[in-house]
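**Q** Predicted model follows, preceded by the sequence.
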Protein chains: 2
Amino acid sequence: MDYFRSFGIEVGQGKYHEEAIYGIVLLYNLINGEISSFLKPYELTPAKFNVLMTIKHQGGSSGISQVEISKHLIVTPSNMTRLLDKLEKEKLVHRISNKNDRRANIIKISERGGRLLDSVWPGYQKVLRRLGSLLTKAEQKTFDALLMKWISEVKSA
Amino acid sequence: MDYFRSFGIEVGQGKYHEEAIYGIVLLYNLINGEISSFLKPYELTPAKFNVLMTIKHQGGSSGISQVEISKHLIVTPSNMTRLLDKLEKEKLVHRISNKNDRRANIIKISERGGRLLDSVWPGYQKVLRRLGSLLTKAEQKTFDALLMKWISEVKSA
DNA sequence: TTAATATTGTTGACATATCAATAATTGTAT
DNA sequence: ATACAATTATTGATATGTCAACAATATTAA
């Protein structure tokens, strides 16, 4: 849903904050759509792609627990359980029970999962570059700085 | 899910576009969370709130069709069917069949729905102002301008 | 050591979103 | 007038997300 999108409310008289908030939501959805479309032919969704990427890059050779993946992606453990159920069924990851902590599972990316990621990665980067290049380098820099400031303020508020 | 969030990828050496894209997603989720929390005591979610606002502001006195609401919020008609099922059950809206076009429904906000919105609105505005005020007016203006530019570029690309 | 507490993962109930298929109706073109 | 196309709403299947309750296991404190 295009949350909070202009309800026909007056913007333009200094109400930049409202417009910016609606804009964030709109841009999020646009970006999301672009990335979803790109991933579709690989039978991947953003969620699955992100989980695979996290396992690959944060898990190293020793694997990673489900809770760690959830924390990295800021998602609930229950969500992770079910995403991994699917990825496991699709043979993109291995789920091994941890003998040192019998509550936990060790998640590793499979050969197949690794190959899939390798095939997706260059195109994914290209999509991000294409989206980024719609602003000039200077604009990107300014935008990014304000975005990071805003994020840190919201977080600490 | 905090999509695309740093996979441990090098940012900072001119890769503002990547950081900005991850940032958009992160900020979207933060804003969403703030608004969800604010709406919770009213037993409203962002989706329901947005639908009610759209009916109120785009529907006027003659009401609005389901398709029109979907288009305004950039959401599928099937999603709208089910959201309205709930809002109708909660007696926040009326769904009247249109005698001039027997395919369509006329959606109107109920007395109860109107009162609820009236009670939520000032606080909602306050949340947006609080979030906005984490940047200075000048920063908001700059950020908003770049955001709008980016959005229009993505749309026309 | 035992008892209380915290962590890990799962399940069930729910919310919001998509797509594809369908029924009913309306609009258009011949 | 009839056939074809478009629009409106609904349903079923599925994806991704939350929260709350739970079982199993680990950790910490007494």
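**A** Received, thanks. Owing to the predicted nature of the structure, the values given are computational and were not obtained by experimental measurement.
**Q** quick one: contacts for whichever residue of chain A sits closest to DNA strand D?
**A** Nearest residue of chain A to DNA strand D: A:Thr45, at 2.8 Å (CB to the nearest atom of the strand). C-beta: built from backbone N, CA, C; applies to glycine. If you count contacts by CB atoms under 8 Å, 6 or more residues apart in numbering or on different chains, A:Thr45 has them with A:Ser36, A:Leu39.
**Q** can you rerun that using 6 Å?
**A** By CB atoms under 6 Å, 6 or more residues apart in numbering or on different chains, A:Thr45 lies in contact with nothing.
**Q** Now do the phi/psi pair for it.
**A** Dihedral pair for A:Thr45: phi -110, psi 160, per degrees, to the nearest 10.
**Q** ok, now the one 3 residues further on?
**A** Note on A:Lys48: its backbone torsions stand at phi -60, psi -40 [degrees, to the nearest 10].
**Q** what's the closest non-adjacent residue to it?
**A** Ranked by CB to CB, 6 or more residues apart in numbering or on different chains and with sequence neighbours excluded, the top spatial neighbour of A:Lys48 is A:Leu87, at 6.2 Å.
**Q** Neighbours of the nearest residue to A:Arg130 once chain neighbours are set aside, how many?
**A** Distances taken as CB to CB, 6+ apart place B:Ala157 nearest to A:Arg130, at 7.7 Å, with adjacent residues excluded. Close neighbours of B:Ala157, defined as other CB atoms under 10 Å in any protein chain shown, add up to 11.
**Q** what angle sits between the host helix or strand of A:Tyr22 and helix B:16-39?
**A** Using DSSP states H and E, A:Tyr22 falls within helix A:16-39. Here helix A:16-39 runs at an angle of 120 degrees relative to helix B:16-39 (axes from the mean of the first three to the mean of the last three CA atoms, to 10 degrees).
**Q** helices and strands around helix A:16-39, which ones?
**A** Here helix A:16-39 touches helix A:46-59, helix B:16-39, helix B:111-132, helix B:137-156, going by 3 or more CB pairs under 6 Å, 6 or more residues apart in numbering or on different chains; DSSP states H and E.
**Q** quick revisit: quick one, grab the pLDDT at the residue nearest to A:Arg130.
**A** On pLDDT, B:Ala157 comes in at 79.
**Q** Need the three-state assignment for A:His94.
**A** What DSSP: H, G, I helix; E, B strand; the rest coil gives for A:His94 is strand.
**Q** Apart from its chain neighbours, what residue comes closest to it?
**A** Excluding the flanking residues, the one nearest A:His94 by CB to CB, 6+ apart is A:Lys108, at 4.7 Å.
**Q** relative to helix A:111-132, how tilted is the host helix or strand of that neighbour?
**A** Taking DSSP H and E as the criterion, A:Lys108 maps to strand A:105-109. Calculated by the same axes, to 10 degrees, strand A:105-109 forms an angle of 70 degrees with helix A:111-132.
**Q** Pull the distance from strand A:105-109 to the chain's centre.
**A** Its chain's C-alpha centre and that of strand A:105-109 lie 19 Å apart, by CA atoms, centre = their mean, to the nearest Å.
**Q** likewise stretch A:133-148?
**A** Centroid displacement of stretch A:133-148 relative to its chain, using CA atoms, centre = their mean, is 20 Å.
**Q** quick one: buried residues of that stretch?
**A** Across stretch A:133-148, burial judged by 16 or more other CB atoms under 10 Å in any protein chain shown covers A:Leu134, A:Leu135, A:Glu139, A:Gln140, A:Lys141, A:Thr142, A:Phe143, A:Asp144, A:Ala145, A:Leu146, A:Leu147, A:Met148.
**Q** Next, format the helices and strands packed on helix A:16-39 as JSON lines and append distance to A:Leu26.
**A** Listed next are the helices and strands packed on helix A:16-39 as JSON lines, based on distance: least, CB to CB, whole Å:
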{"stretch": "helix A:46-59", "distance to A:Leu26": "17"}
{"stretch": "helix B:16-39", "distance to A:Leu26": "10"}
{"stretch": "helix B:111-132", "distance to A:Leu26": "15"}
{"stretch": "helix B:137-156", "distance to A:Leu26": "6"}
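**Q** centroid residue for chain A?
**A** Residue closest to the average C-alpha location in chain A (CA atoms, centre = their mean): A:Asn50, at 5.2 Å.
**Q** which bits of chain A sit near chain B?
**A** Within chain A, the residues that sit near chain B (CB under 6 Å from any CB of the partner chain) are A:1-3, A:7-8, A:16-21, A:23-24, A:26-28, A:30, A:46-47, A:50, A:53, A:57, A:73-75, A:128, A:132, A:134-135, A:139-141, A:143-144, A:146-147, A:150-151, A:153-154.
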